[in-house]
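**Q** When you get a sec, could you give me coordinates for this:
(2 chains, ligands or ions: 2)
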2 protein chains.
Amino acid sequence: MKLIFLGTGAGRPTLRRNVTSIALLLPQAGGRFWLFDAGEGTQHQLQRAKLKLSRLDRIFITHLHGDHLYGLPGLISSRTFHEGSGKLRLYGPPGLRGFVECALTQSELHLDYELEIHEIEPGPIALDDERFAVEAGELQHRVRVFGYRVTEAPRPGSLNSAWLAENGVEPGPLYGKLKRGEDVELPDGRKVLASEAVGPGAEGRIVTILGDTRPCEEAVRLAKNADLLVHEATFGAGMEEKAASYGHSTVLQAAETASRARARRLAVTHFSARYDDEAIDRLAADGRAIFPDILAAADFLELEIPPRPGGEGRRKAPKS
Amino acid sequence: MKLIFLGTGAGRPTLRRNVTSIALLLPQAGGRFWLFDAGEGTQHQLQRAKLKLSRLDRIFITHLHGDHLYGLPGLISSRTFHEGSGKLRLYGPPGLRGFVECALTQSELHLDYELEIHEIEPGPIALDDERFAVEAGELQHRVRVFGYRVTEAPRPGSLNSAWLAENGVEPGPLYGKLKRGEDVELPDGRKVLASEAVGPGAEGRIVTILGDTRPCEEAVRLAKNADLLVHEATFGAGMEEKAASYGHSTVLQAAETASRARARRLAVTHFSARYDDEAIDRLAADGRAIFPDILAAADFLELEIPPRPGGEGRRKAPKS
Ligand SMILES: [Zn+2]
Ligand SMILES: [Zn+2]
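**A** Ligands and ions are numbered 1, 2, ... in the order given. Here you go, the predicted structure:
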């Protein structure tokens, strides 16, 4: 699982930072990825990051401000040129459908693929994909805004084949049941507990990506125990009053949220154009006192999110 | 007068060519410029070309296809961050207002400057600027599309001061009348003809920028005697049938139009993403047999449009 920042500036693009978009590359999904927000120029950034539009199958929009939204019509249009593009699903606040349909209608665009637009409310999103769950929570900005919590399904443990052989459990359909955590009865009447026959499973990874927001309880809840929290830090430390008046956060507030949520890692982004790269490094350093594992995002920065320990994906230490 | 290509690709951006936009820098206008079309990423290209949004005061849209249009909402939004941005006027086919208002409304954008949207029909456009005239003509594409003919006002000739001194005509308000081409009567009753007292004036420059189109008579009319014709050449020679079915032109058809219009220079643009830079050079070379002064546009290519001979702007050869 990997996250790639495609735009890390607030409000308007600069030569160094495009407006907001984030790609989440999914594990074991044949190169499929999702987008969170799509500011103008997102399709250009995807090309630079060598991400193919045909592999994009869901887009989650946090809110309908232009710097998170205006790349959508162009991206939707260009995707029709990419062979093998299946259904594309959009999720976002009410108003999303009106915006997209208006843009596509005026330009008389006809798509070669199916476009589904879901105007959502806070709560779990029906994904029809058992490998991931996504929950939307409502944050606090000048317009309705969501944060998204992506949870990977837990991975089952591996079969303990030494134990199974010792106890005379033959390979067959029973193995599948055990892996799914079900206790089984052998033909000879013996009971086998899944907890004996299968090693420990692994929890799924949690990635929380928040839209523009003031500090709020819902942000903390969405980020609870997240492997990675992506939080805006439009302003630096000391600018709390200005941040509040615009419905934004400072880096200290982002760090505070990460700390209270016991997140493992915090990436701050969405920096005001007033800050150059050096100022942004200092800004992030200011957050370190509150939350040590903080980093400042930059366009095209890639973050690997390693699997949690356990499960089939675990590398076993060789027996000695 | 200078024209800068900001995007020269058709349909969708590539890493080398953005979607369509052209900047026209106006002479003696304090760095003011106009845009023709605004595909996604135009505001990014303007930054790269070091053109300030605050100096942009008119945008002419040829048609409402996304690759000519989708950069408009972001550009309009970002312009509000630029101090000293006065009124911005948009011109384009009916439907333009709906698109812009829909985009701005969904994102609850409030502008710090006045935005005027003019849905136009073919004919002269009321500009309220005596230095330029713009005429729109209707071309032939899959949707309504305009071409624009920009005509600079003629420049008056210089006063022939040697002749005036010789004939005892004193400086005063009469000079202004003569310069405007009016014949005058001196206090002593003598008549002075403007044609005697003033050197030859200069015709204004003509720049014709066409939207996507099949070859048509209106394209020839709009390009009549133009100093520069910007014409699409989505396809290379031999692709006439495909071009016709998509409402586009080949390079041969663009060259034919330039030749029939007796334009001085032809820049072809809006190349299909199937062509790389080398293929585009060959494509333009194919047009040379029909119209010698042809060139293939590229992103950030700048074309100077020199003044026509005569007028005050003329450099006089020193007398020997
Ligand atoms: Zn924002
Ligand atoms: Zn086009």
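**Q** give the contact list for the nearest residue to residue A:14 once chain neighbours are set aside.
**A** Among residues not flanking residue A:14 along the chain, residue A:273 sits closest, at 5.4 Å (Cβ to Cβ, 6 or more residues apart in numbering or on different chains). To be clear about C-beta, it is placed using only N, CA and C from the backbone, and glycine gets the same treatment. With contact taken as Cβ atoms under 8 Å, 6 or more residues apart in numbering or on different chains, residue A:273 is in contact with A:9-12, A:14, A:17, B:81.
**Q** Name the pair among the residues you listed with the greatest separation in space.
**A** Spanning the widest gap among these are A:17 and B:81, at 14.4 Å by Cβ to Cβ.
**Q** out of these two, which sits in the more crowded spot?
**A** Comparing residue A:17 with residue B:81 by neighbour count (other Cβ atoms under 10 Å in any protein chain shown), the higher total belongs to residue A:17, at 24 against 13.
**Q** Could you tell me what pLDDT the model assigned to the residue nearest to residue A:67 when sequence neighbours are not counted?
**A** Taking Cβ to Cβ, 6+ apart, and ignoring the residues beside it in sequence, residue A:67 has residue A:19 as its nearest neighbour in space, at 4.0 Å. At residue A:19 the predicted local distance difference test score is 98.
**Q** before we move on, back to that, from the contacts of residue A:273, pick the one nearest ligand 1.
**A** Within the set of the contacts of residue A:273, residue A:10 lies nearest ligand 1; the separation is 5.2 Å, counting by Cβ to the ion.
**Q** Report the residue ranges of every domain in chain A.
**A** A:2-155+A:202-304, A:161-197 (automatic domain parsing).
**Q** tell me the most buried of those?
**A** Burial of these is given as mean neighbour count (mean count of other Cβ atoms under 10 Å in any protein chain shown); domain A:2-155+A:202-304 ranks first at a mean of 20.
**Q** Please tell me how far that domain is from the chain's geometric centre.
**A** 7 Å (Cα atoms, centre = their mean, to the nearest Å).
**Q** Just the terminal-to-terminal distance for that domain.
**A** The separation between the terminal residues of domain A:2-155+A:202-304, taken as Cα to Cα, to the nearest Å, is 4 Å.
**Q** With stretch A:247-267 instead?
**A** Stretch A:247-267 end-to-end distance (Cα to Cα) = 19 Å.
**Q** Do it and chain B come into contact?
**A** No. With Cβ under 8 Å from any Cβ of the partner chain as the threshold, stretch A:247-267 lies outside contact range of chain B, at a closest distance of 11.8 Å.
**Q** just stretch A:36-43 next, same as before
**A** Yes. When contact is scored as Cβ under 8 Å from any Cβ, part of stretch A:36-43 falls within range of chain B: A:39-41, A:43.
**Q** Touching that stretch from outside, list them.
**A** When contacts are taken as Cβ under 8 Å, 6+ apart, the neighbours of stretch A:36-43 outside the stretch itself are A:6-7, A:13, A:18-24, A:35, A:53, A:59-62, A:66-72, A:74-75, A:78, A:148, A:209, A:211, A:230, B:12-13, B:40-41, B:43-44, B:70-71, B:73-74.
**Q** for the record, mean pLDDT for it?
**A** 98.
**Q** Stretch A:80-88 now?
**A** Here the mean pLDDT over stretch A:80-88 is 89, rounded to a whole number.
**Q** need the domains of chain A in CSV with distance to residue B:188, can you?
**A** Formatted as CSV, the domains of chain A follow (distance: least, Cβ to Cβ, whole Å):
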stretch, distance to residue B:188
domain A:2-155+A:202-304, 66
domain A:161-197, 115
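**Q** what about those domains, which gets the closest to residue B:202?
**A** Between residue B:202 and those, the tightest spacing by Cβ to Cβ is seen for domain A:2-155+A:202-304, at 39.2 Å.
**Q** Any residue of that closest one touching ligand 2?
**A** No. Contact between domain A:2-155+A:202-304 and ligand 2, assessed by Cβ under 5 Å from the ion, is absent, since the two come no nearer than 10.0 Å.
**Q** just to revisit the earlier point, what helix or strand does the residue nearest to residue A:14 sit in?
**A** No secondary structure element spans residue A:273, as it lies outside all helices and strands (assigned by DSSP states H and E).
**Q** which one in chain A is furthest away from the centre?
**A** Using Cα atoms, centre = their mean, the residue of chain A lying farthest from its centre is residue A:188. It sits 47.8 Å away.
**Q** How about the backbone phi and psi for that residue?
**A** phi -90, psi 10 (degrees, to the nearest 10).
**Q** thinking again about what came up before, mind listing which of the contacts of stretch A:36-43 are in helices?
**A** Filtering the contacts of stretch A:36-43 for membership in helices, criterion DSSP state H, returns A:72, A:74-75, A:78, B:43-44, B:73-74.
**Q** quick one: which two of the residues you listed are the most distant?
**A** Of all pairs drawn from the ones in helices among the contacts of stretch A:36-43, the one with the largest separation by Cβ to Cβ is A:78 and B:43; the distance is 17.9 Å.
**Q** Against chain B, how distant is residue A:171?
**A** Distance, residue A:171 to chain B, by Cβ to the nearest Cβ, to the nearest Å: 52 Å.
**Q** Kindly report the same for residue A:132.
**A** Using Cβ to the nearest Cβ, we find residue A:132 at a distance of 28 Å from chain B.
**Q** Bridged to that residue, which residues?
**A** Note on residue A:132: beta-bridge partners by DSSP bridges are residue A:152.
**Q** What does the pLDDT read for it?
**A** The per-residue pLDDT reported for residue A:132 equals 94.
**Q** What residue in the stretch 51-200 of chain A comes nearest to ligand 1?
**A** At 4.6 Å from ligand 1, residue A:67 is the closest residue in the stretch 51-200 of chain A, using Cβ to the ion.
**Q** Which stretches in chain A count as helices?
**A** Counting by DSSP H, one finds helices in chain A at the ranges A:42-48, A:72-79, A:96-106, A:161-166, A:173-179, A:194-197, A:217-222, A:240-246, A:251-260, A:277-287.
**Q** Of all these, which one is nearest residue B:170?
**A** Proximity of those to residue B:170 was assessed by Cβ to Cβ; the nearest stretch is helix A:96-106, lying at 61.9 Å.
**Q** Between the two ends of stretch A:151-170, how far is it?
**A** Across its full length, stretch A:151-170 reaches 35 Å between end residues, using Cα to Cα.
**Q** Rounded mean pLDDT for that stretch, please.
**A** Across stretch A:151-170, pLDDT averages out at 87.
**Q** quick check, distance from it to the centre of its chain.
**A** 30 Å.
**Q** Those residues of the stretch 201-320 of chain A touching ligand 1, which are they?
**A** Contact residues of the stretch 201-320 of chain A with respect to ligand 1, defined by Cβ under 5 Å from the ion, are listed as residue A:212.
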